[in-house]
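Peer 1: Sequence plus the predicted model coming up.
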Amino acid sequence: MKATDHLIHEHEAVLNMIEIMEAAAQRLDKGEPVEAGDLEAMLNFLRIFVDKCHHGKEEDILFPKLVETGIPNEGGPVGMMLREHVIGRGYIAGFADGIEKYKAGDKTAKTEITENIGGYAELLTSHIFKENNVLYKMADIHLTTQQQTELMTNFEKLEDEVIGQGKHEEFHKLLDRLSQQYLL
């Protein structure tokens with residue numbers, strides 16, 4: 001498997017979580033209850049699976065390799081993706097703040113949660129499209145088979161060191177559980 005294919009596969013999980021989060025936000029908008037524990041599980045997925053693991057693979061491993069091959073960072077596609085990661089972290093922080101207020105019974109928390117989910121969903125959906133259809137295609141052109149293999153080895157090492165063995169599987173079980181609860 002190419003490193004870019006691995007990242008595209010992870011994007012599918014991220015898009016699934018975004019769909020779940022949007023469904024939870026719709027429930028909140030309708031005045032329906034959403035378990036705080038579910039919101040915290042969604043937040044944990046964003047912080048660990050998306051940011052530490054997936055974005056870590058891009059920021060620490062893939063993007064530097066792409067810059068080495070001549071794909072520009074500043075003013076180029078790598079720089080744009082990095083900026084969007086930072087914007088996404090802002091939405092995650094807002095979502096986390098909203099969850100804390102929600103748990104404390106603050107009535108304004110629902111709006112904060114839904115606005116941050118909406119902003120994050122819009123950003124990441126567009127971001128993933130650009131990565132899958134532009135940046136990763138550029139990577140496939142510029143990277144050799146050996147470089148792709150080295151990237152995969154480094155991805156696996158990052159997963160083991162940053163999130164731990166078996167964590168990916170736990171996140172996929174979480175996606176299955178939340179999908180059953182929010183998307184059916």
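Peer 2: Alright, I've got the coordinates.
Peer 1: Now do the contacts for N16.
Peer 2: L175, S179 (CB atoms under 8 Å, 6 or more residues apart in numbering). To be clear about C-beta, it is placed using only N, CA and C from the backbone, and glycine gets the same treatment.
Peer 1: What distance do you get for it to P77?
Peer 2: 25 Å (CB to CB, to the nearest Å).
Peer 1: Around E32, count how many other residues there are.
Peer 2: Look at E32: counted by other CB atoms under 10 Å, it has 9 neighbours.
Peer 1: cool, and M17?
Peer 2: 22.
Peer 1: Checking it next. Helix, strand or coil?
Peer 2: Applying DSSP: H, G, I helix; E, B strand; the rest coil to M17 yields a three-state assignment of helix.
Peer 1: Now for G79: which residues touch it?
Peer 2: Here G79 is in contact with P72, N73 (CB under 8 Å, 6+ apart).
Peer 1: what helix or strand is it on?
Peer 2: Assigning secondary structure by DSSP states H and E places G79 in helix 77-103.
Peer 1: which parts of that helix are buried?
Peer 2: Residues of helix 77-103 classed as buried: 77-78, 80-81, 84-85, 88-89, 91-92, 94-96, 98-99, 101-102 (neighbour count, 16 or more other CB atoms under 10 Å).
Peer 1: For the residue nearest in space to the middle of the chain, give me phi and psi.
Peer 2: The residue lying closest to the centre of the chain (CA atoms, centre = their mean) is V50, at 3.2 Å. Per-residue torsions, V50: phi -80, psi -60 (degrees, to the nearest 10).
Peer 1: That one reaches L15, doesn't it?
Peer 2: No - the pair V50 / L15 is not scored as a contact, 10.8 Å apart, by CB atoms under 8 Å.
Peer 1: Now do the strands in this structure.
Peer 2: Counting by DSSP state E, the chain has no strands at all.
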